[in-house]
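**Q** Build the 3D model from these lines:
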Amino acid sequence: MQHPELVIVGLTCSVVGVFFLANSIRFREPRKALEDALGVASRSLLRVRDTALNNMQVMLGFLFLTTGFLLQVIAQWDTELSTLLLSAGIIVVAALVYVVGAYSSRRAFRKMLKEYFQSQPWSFQDDMALTKEIGEALGVPLDPDMTVEAYVHRVRQALGVKDTPRTNTLTDRARRIALPGR
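**A** Prediction:
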């Protein structure tokens, strides 16, 4: 079942999709992104301004690219079982590559967090929302009755950062970490 018109339309959709994806790419070094997230980099609104446009371009790019490829597959489909099995095998391999990539990127992110906080002084108690995010990324358990100091201590241990002495007032010791929904 050869349909050359579907191949041409599919290739056109793929070219449009690649254009949108290429337009949306922002090259940023991961360490620079970490500095931006923690507010220690130079401040600029230029990146924020283009975020919505970049997100829309990524969505459109993948939509057009996927549509283009599917149209090409339909145009060339020969209805043989071996082709179907080979295609299914490729999808399974892609899923496995995704799982391995997701795992390794999480490990690299944890390593980057540790390197950053071991080289930069940081007051974890001043931004508990960020400290909880860091704790979640590192797998630090959070108990509902845990004090701020105890949780900060656990996060610092997970990062390999030494505790800094701090004068504690009675209200600091009694303060609990706010948990959503509790």
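**Q** can you give me the helices for this structure?
**A** 4-24, 30-38, 46-49, 51-76, 81-119, 128-138, 148-159, 170-174 (DSSP state H).
**Q** In CSV, list those along with mean pLDDT and mean neighbour count.
**A** The way it works is simple: take the backbone N, C-alpha and C, and place the C-beta from them, glycine included. Shown next, in CSV, are the helices of the chain (pLDDT from 0 to 100; neighbours: other Cβ atoms under 10 Å):
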stretch, mean pLDDT, mean neighbour count
helix 4-24, 87, 15
helix 30-38, 72, 14
helix 46-49, 57, 9
helix 51-76, 86, 15
helix 81-119, 88, 11
helix 128-138, 88, 16
helix 148-159, 92, 18
helix 170-174, 49, 9
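**Q** I'd assumed residue 122 was in contact with residue 162.
**A** No. Look at residue 162 against residue 122 with Cβ atoms under 8 Å: they stay out of range, at 11.9 Å.
**Q** With neighbour numbers in mind, choose between those two.
**A** When neighbours are counted by other Cβ atoms under 10 Å, residue 122 comes out ahead of the other of residue 162 and residue 122, with 19 against 9.
**Q** separation between residue 66 and residue 85?
**A** Applying Cβ to Cβ, to the nearest Å, the value for residue 66 to residue 85 is 21 Å.
**Q** Ok, residue 127 next?
**A** When residue 127 is compared with residue 85 (using Cβ to Cβ), they lie 52 Å apart.
**Q** Outline the domain layout of this structure.
**A** Split into domains by automatic domain parsing, the chain comes to 1-77, 79-120, 124-174.
**Q** what's the offset of the longest one from the middle of its chain?
**A** Averaged C-alpha coordinates place domain 1-77 at 16 Å from its chain's average position (Cα atoms, centre = their mean, to the nearest Å).
**Q** cool, and stretch 66-84?
**A** 32 Å.
**Q** can you give me the end-to-end distance of that stretch?
**A** With Cα to Cα, to the nearest Å as the measure, stretch 66-84 spans 18 Å from end to end.
**Q** got it, and stretch 72-80?
**A** This stretch, stretch 72-80, spans 16 Å end to end (Cα to Cα).
**Q** For the remainder of this discussion, apply numbering that starts at 39.
**A** Okay, using 39 as the starting number, the last item reads as stretch 110-118.
**Q** what does it contact?
**A** Residues outside stretch 110-118 that contact it (Cβ atoms under 8 Å, 6 or more residues apart in numbering) are 39-45, 48-49, 52, 121, 125.
**Q** got it, and stretch 167-175?
**A** 76, 144, 147-148, 151, 155, 162-163, 178, 180, 189-190, 192-193, 196-197, 215.
**Q** Try it again at 7 Å.
**A** Stretch 167-175 is contacted from outside by 147-148, 151, 162, 180, 189-190, 193, 215, using Cβ atoms under 7 Å, 6 or more residues apart in numbering.
**Q** Right, I'll call it a day here.
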